[in-house]
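K.L.:
Below are the sequence and a predicted model for it; my questions follow.
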Amino acid sequence: MPNAKVLAKKQEDAKNLKEKFDKSKLVILADYRGINVEDITKMRAELRKTDCEYIVAKNSTLRFAVKDSDIEGISEYLEGPTAVTFSYDDYVAPAKVLYDYAEKSDFYKIKAGIMDGKVISADEIIKLAKLPSKEMLLTQLATVLLANIRNLAVVLDQAREKQEENA
């Protein structure tokens, strides 16, 4: 039986984790077994650029953190070493970073995730990772809108010319 001080620390850790789960748009669980310190340091730096938080936590603490939440089915993924990435603003960027590392590594594996409170599979995270970035989507949208405006301007100019001919 743990002493009161140890138990209080575990409860505080679980409470902090629960808050992170609650405010995250996307949570990604990964098995980091076998990845070296240099690669984890690089990955953490890339994740910080996307305003994500990467932590390693005990599965028992993670289970306790999600125990009273609406997240169903996550406990089955809390086996073996577990690293957790919390993304508070973006769905795609952290998935891309972790997927890139998983592709380069024989060891690093994406287990599952939680998106907007629902458990998603590793395959669904990979699909997120393969989506264009927010910046790319905005560029594509701007291109489409500008093309439509340009086409409208051409049509209006042609209509004006036709009116001038008929007048």
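P.N.:
That came through, no problem.

K.L.:
For the rest of this, base every contact and every neighbour count on C-alpha atoms.
P.N.:
OK.

K.L.:
Report the buried residues of stretch 69-87.
P.N.:
71, 74, 77-78, 82-87 (16 or more other CA atoms under 10 Å).

K.L.:
Need the contact partners of that stretch.
P.N.:
20-21, 24-33, 51-59, 62-63, 94, 111-112, 114, 117-119 (CA atoms under 8 Å, 6 or more residues apart in numbering).

K.L.:
just checking, what packs against the helix ranked longest in the chain?
P.N.:
Longest helix in the chain by number of residues (criterion: DSSP state H): helix 134-166. Judged by 3 or more CA pairs under 8 Å, 6 or more residues apart in numbering; DSSP states H and E, helix 134-166 is in contact with no other helix or strand.

K.L.:
Can you tell me which of the buried residues of stretch 69-87 end up in strands?
P.N.:
83-87 (DSSP state E).

K.L.:
backbone phi and psi for the closest residue to residue 84 other than its chain neighbours, please?
P.N.:
Once flanking residues are discounted, residue 84 sits nearest to residue 29: 4.8 Å by CA to CA, 6 or more residues apart in numbering. Backbone torsions of residue 29, given as degrees, to the nearest 10, read phi -100, psi 140.

K.L.:
Give the burial count for residue 29, as a bare number.
P.N.:
26 (other CA atoms under 10 Å).

K.L.:
Tell me what it is bridged to.
P.N.:
residue 84, residue 112 (DSSP bridges).
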